[in-house]
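Student: Turn this into a model:
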Amino acid sequence: MEVIVIKSNIRKLTKREINKALFSNFNREQRVTRCWRKAEGEWVLKDIAFTENWRDDQYEELVRYLVNTVDTGGTVWGVFKSERLIGFASLENKFFGSQSQYLQLSSIHVSKESRGEGIGRQLFFEAYKRAAEMGAGKLYISAHSSEETMAFYHRLGCVEAKEYNETLVAQEPYDCQLEYVLDQQ
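Tutor: Numbering: from 1, shown residues only. You can find the predicted model right below:
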């Protein structure tokens, strides 16, 4: 996987750093016009328009979730520009799948003003490296179904998951279940 070097700092976050203040300037906004849906066994783009954003209580939930990731042996990365968080990703520590081949890339987000700069790709590569070090065969992603989000993952080489994690499907029924085989380099 080719990585684009950008002028920002990426590093693992400690539990102590993960707090609501970390996200004070993070802009989650995403204007969605079309989403992928499975209809009669085929993936089709549907006109579904909305603006995705996080409320205050959702940032609090995010902090709890990311702290739990660290507490359970997972990894959280942050990308910083001028000491301001502009992107983050998290990789869980629990293997699953019929052959325990999957580790979940549980989040990857880039602040609105920093999208298109290669930050998401850089975060994905960090998760890729760590999952490979841990012995995973594949990354598992329960991804937002928006056209833009799916285009990002497809450009990286992600495909529909061979095995669905039913717990994740139940939590986010409109997400697309993806995988990335770790030996694709």
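
Student: so how far is Lys94 from Gly74?
Tutor: Applying C-beta to C-beta, to the nearest Å, the value for Gly74 to Lys94 is 8 Å. Every C-beta, even on glycine, is put in place using the N, C-alpha and C of the backbone.

Student: residues in contact with the residue of the chain positioned farthest from its centre?
Tutor: In the chain, Glu40 marks the outermost C-alpha relative to the chain mean, sitting 27.3 Å out by C-alpha atoms, centre = their mean. For Glu40, no residue counts as a contact, taking C-beta atoms under 8 Å, 6 or more residues apart in numbering as the criterion.

Student: Which pLDDT value goes with it?
Tutor: At Glu40, the predicted lDDT confidence score is 91.

Student: Gly74 and Lys94 - which one has more neighbours?
Tutor: Higher neighbour count among Gly74 and Lys94: Gly74, with 19 against 11, using other C-beta atoms under 10 Å.

Student: Surely the more buried one touches Glu92?
Tutor: Yes. Judged on C-beta atoms under 8 Å, Gly74 makes contact with Glu92 at a distance of 4.6 Å.

Student: Please enumerate the shared neighbours of the two.
Tutor: Both Gly74 and Glu92 are in contact with Ser106, where contact means C-beta under 8 Å, 6+ apart.

Student: about what we covered before: next one: phi and psi at the residue farthest from the centre of the chain?
Tutor: phi 50, psi 40 (degrees, to the nearest 10).

Student: And it, how far from Phe23?
Tutor: Counting by C-beta to C-beta, the gap from Glu40 to Phe23 is 40 Å.
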